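Peer 1: sequence and predicted structure, then a few things I'm wondering about:
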Amino acid sequence: AAEAAASQPASQRQSASRAQSDSRASRQGRPRAAMAERNIAAFIAAYVYLQFLVCPAHAAIALLTGRANPYRITKNFCDMLGARFVHSKNSQSLKKDAMYLCNHRSWGDFFIDQALCGGAAYLSRYMVIPACPGSSLYAWISHSVWFFNRKKGLDRSELGRYLAQQWELRPGKGLIVYPEGTRNQKKEPLKLKTGVLQMAYDYKKQVQAVITTNKELMANEKTLTITRNVTCVTSISKPVDPTAFPSFKEFCDEVTRVFEDTWKDAYGAEVDESRVYLPPFGLPTPGFEPVPIPSRAWIVRFIIVALFVLYYLRKTAA
């Protein structure tokens, strides 16, 4: 037996060893080792699964019932990848109706952060729609992404009014933003953009930094990597209340300090099995709720019916 094992290729012996290790870990209740799948097929399969199967199915549920649950899609996908979430020792509970300042690492952010923040809405550019058609359709129906046209010279007051109007349609829910303004996989944060912070200050919205490690390992569009069984450490700051600051500059300075301290806390934390949790941390698990803008569901229903009628007329005419 030993000679047969020795004659196996190294890759087969490593795969067998990893499988045995994972099996023992499963029986003992321990997490399995992270396993990266560095190939285009795995990445495309995950993309197709989300964009053309899961999200359209949930969109159909929303159209049939008039109810949606963005948290469920993102949390289920994290579960499918075997993700584990651990909060740091200094992490605070999430507060509802707050602006969550997250670190932007990769496409993995777009399902991980929504799961972590209890189905909070995203602020996203319109250019995301062609790249993610299925999730964009569902997000538009469920109002879980607030699309806007980012351009030079964007009027901050106009953006603030737009966000306030969208927020009124989802009372009690939070908003996920990426204040660094671009994907950043460095070991330290970038200088924060202040556009969304202006809105938080003007409309008196509390902000919390929500920094999470290893998101780029779970899904990385640059390396076409999908990694299973990843452990993510999250640190959540105390809320920063804009009403406590007499000037916008002082508010921004405090938010920057908190963001940097929370970053250090997340990336400097050790994984403690006693702090494994099911997100969202400090908020109740979201359920299905009525879609905030029913007219959007009716628009999609009308288009679907019109397409079926057109198809029927063309078929009978032929």
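Peer 2: Received, thanks. Residues are numbered from 1 along each chain as shown.

Peer 1: who does Thr231 bridge with?
Peer 2: Beta-bridge pairing of Thr231 under DSSP bridges involves Arg84.

Peer 1: tell me how far it lies from Asn149.
Peer 2: Going from Thr231 to Asn149 by C-beta to C-beta, to the nearest Å gives 37 Å. All C-beta atoms are positioned from the backbone trio N, CA, C, and that covers glycine.

Peer 1: do Leu63 as well
Peer 2: Taking C-beta to C-beta, one finds Leu63 at 27 Å from Asn149.

Peer 1: try Met218
Peer 2: Taken as C-beta to C-beta, the span from Met218 to Asn149 is 29 Å.

Peer 1: and these two? Which one has more around it.
Peer 2: Taking neighbours as other C-beta atoms under 10 Å, Met218 and Asn149 compare with Met218 leading, 28 against 9.

Peer 1: okay, now Leu313: neighbour count?
Peer 2: The number of residues near Leu313, taken as other C-beta under 10 Å, comes to 10.

Peer 1: touching, Ala269 and Thr234? I think so.
Peer 2: No: judged on C-beta atoms under 8 Å, Ala269 makes no contact with Thr234 at a distance of 9.0 Å.

Peer 1: which of those two has more neighbours?
Peer 2: Between Ala269 and Thr234, counted using other C-beta under 10 Å, the more crowded position is Thr234 (28 against 19).

Peer 1: where does the stretch 1-150 of the chain dip in pLDDT?
Peer 2: Counting by pLDDT under 70, the ranges of the stretch 1-150 of the chain that qualify are 1-38.

Peer 1: hey, where'd the helices end up in it?
Peer 2: Ranges of helices within the stretch 1-150 of the chain are 2-7, 10-28, 40-49, 55-65, 70-80, 109-116, 128-131, 133-142, based on DSSP state H, counting those that start in this stretch.

Peer 1: same thing with the stretch 151-300 of the chain?
Peer 2: Going by DSSP H, counting those that start in this stretch, the stretch 151-300 of the chain shows helices at 156-168, 195-202, 215-218, 248-268, 294-317.

Peer 1: which of those helices sits closest to Gly174?
Peer 2: Ranking the helices of the stretch 151-300 of the chain by proximity to Gly174 (C-beta to C-beta) places helix 156-168 first, at 9.3 Å.

Peer 1: so which bits of the closest one are buried?
Peer 2: Neighbour-count burial for helix 156-168 flags 159-160, 163, 166-167 (criterion: 16 or more other C-beta atoms under 10 Å).

Peer 1: same thing with stretch 90-104?
Peer 2: Those would be 91-92, 94-95, 98-104, for stretch 90-104 by 16+ other C-beta under 10 Å.

Peer 1: dump it to CSV, restricted to CA.
Peer 2: Presented in CSV, the C-alpha positions along stretch 90-104 are these (Å, rounded to 0.1, in the frame of the first residue of the first chain):
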residue,chain,number,x,y,z
ASN,A,90,-13.5,45.6,19.7
SER,A,91,-16.3,45.3,17.1
GLN,A,92,-19.5,47.2,17.9
SER,A,93,-23.1,46.2,16.9
LEU,A,94,-24.5,47.6,13.6
LYS,A,95,-27.0,50.4,14.0
LYS,A,96,-30.0,50.5,11.8
ASP,A,97,-30.6,53.5,9.5
ALA,A,98,-26.9,54.2,9.3
MET,A,99,-24.4,54.8,6.5
TYR,A,100,-21.9,51.9,6.5
LEU,A,101,-18.4,52.8,5.2
CYS,A,102,-16.9,49.6,3.9
ASN,A,103,-13.5,48.8,2.4
HIS,A,104,-13.6,48.2,-1.4
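
Peer 1: residues near Arg275, how many?
Peer 2: Neighbourhood size, Arg275 [other C-beta under 10 Å]: 17.

Peer 1: wait, Lys215
Peer 2: By the criterion of other C-beta under 10 Å, Lys215 has 27 neighbours.

Peer 1: and for Ser235?
Peer 2: Residues near Ser235, counting by other C-beta under 10 Å: 24.

Peer 1: does Leu50 really touch Phe77, like I thought?
Peer 2: Yes: Leu50 lies in contact with Phe77 (C-beta under 8 Å); the separation is 6.6 Å.

Peer 1: can you list residues touching both of those two?
Peer 2: Common contacts of Leu50 and Phe77 (C-beta atoms under 8 Å, 6 or more residues apart in numbering): Phe111.

Peer 1: what's near enough to touch the closest residue to Ala59 other than its chain neighbours?
Peer 2: Nearest-residue entry for Ala59: Tyr138, 4.4 Å, with adjacent residues in sequence omitted and distances by C-beta to C-beta, 6 or more residues apart in numbering. Contacts for Tyr138 (C-beta under 8 Å, 6+ apart) come out as 55-56, 58-59, 62, 68, 70, 73, 144.

Peer 1: swap in 6 Å and give it another go.
Peer 2: Residues near Tyr138 by C-beta atoms under 6 Å, 6 or more residues apart in numbering: 55, 58-59.

Peer 1: what about the nearest residue to Cys132 once chain neighbours are set aside, distance to Pro292?
Peer 2: Closest residue in space to Cys132, ignoring its immediate chain neighbours: Gln51 at 6.1 Å, by C-beta to C-beta, 6+ apart. Going from Gln51 to Pro292 by C-beta to C-beta gives 23 Å.
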